[in-house]
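Visitor: Could you work out the structure for the sequence below:
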Amino acid sequence: QLQLVESGGGLVQPGGSLRLSCAASGFTLDRFAIGWFRQAPGKEREGVSCISSSDGSTNYADSVKGRFTISRDNAKNTVYLQMNSLKPEDTGVYYCAANSACSVHVFTFASWGPGTQVTVSS
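Guide: Prediction:
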């Protein structure tokens, strides 16, 4: 069974940092593109970042460029999202999911994890 599990969320003050982890079981992560998404209360789920399987290329939503960094550690079968200079508008539940390639279409991703809550507040 293909499964992803997110961890690393929490409460942080504006300007702070968090590192989220997306760990896989049942499959090898390096065969898939992995995307990070977030959903704030009352809003649709949106793409945050994605890392490809083929060449490790990355992309980011404009709202997080320069602040967030996605990376993968194939030995640990884990993808990370380093989040710096956090803002209150970054608050939401963060999810990771797998795809054959990075895509702007959220519905093309599968094996969604349960999510981890990130709250940015003073």
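
Visitor: quick one, what contacts residue 13?
Guide: 120-122 (C-beta atoms under 8 Å, 6 or more residues apart in numbering). Bear in mind the C-beta positions are built from the backbone N, C-alpha and C, glycine included.

Visitor: Look up how far residue 20 lies from it.
Guide: As judged by C-beta to C-beta, to the nearest Å, residue 13 and residue 20 stand 17 Å apart.

Visitor: Tell me which residue is most central in this protein.
Guide: Centroid check for the chain by C-alpha atoms, centre = their mean gives residue 36 as the closest residue, at 2.4 Å.

Visitor: Where does pLDDT dip in the protein?
Guide: Within the chain, no stretch has pLDDT under 70.

Visitor: Do a quick rundown of the strands in it.
Guide: Remark: strands assigned in the chain by DSSP state E are 3-7, 10-12, 18-25, 33-39, 46-51, 58-60, 68-73, 78-83, 92-99, 116-120.

Visitor: between the ones you listed, which gets nearest to residue 109?
Guide: Comparison of the strands of the chain against residue 109 by C-beta to C-beta identifies strand 92-99 as nearest, at 3.7 Å.

Visitor: hmm, who's touching that closest one?
Guide: Applying C-beta under 8 Å, 6+ apart, the external contacts of strand 92-99 come out as 2, 4, 6, 9, 20, 22, 24, 27, 29, 32-41, 43, 45, 48, 50, 79, 81, 108-118.

Visitor: Now which of these would you call buried?
Guide: By neighbour count, with 16 or more other C-beta atoms under 10 Å, these hold 4, 6, 9, 20, 22, 24, 29, 32-38, 45, 48, 50, 79, 81, 109, 111-113, 115-116, 118 as buried.
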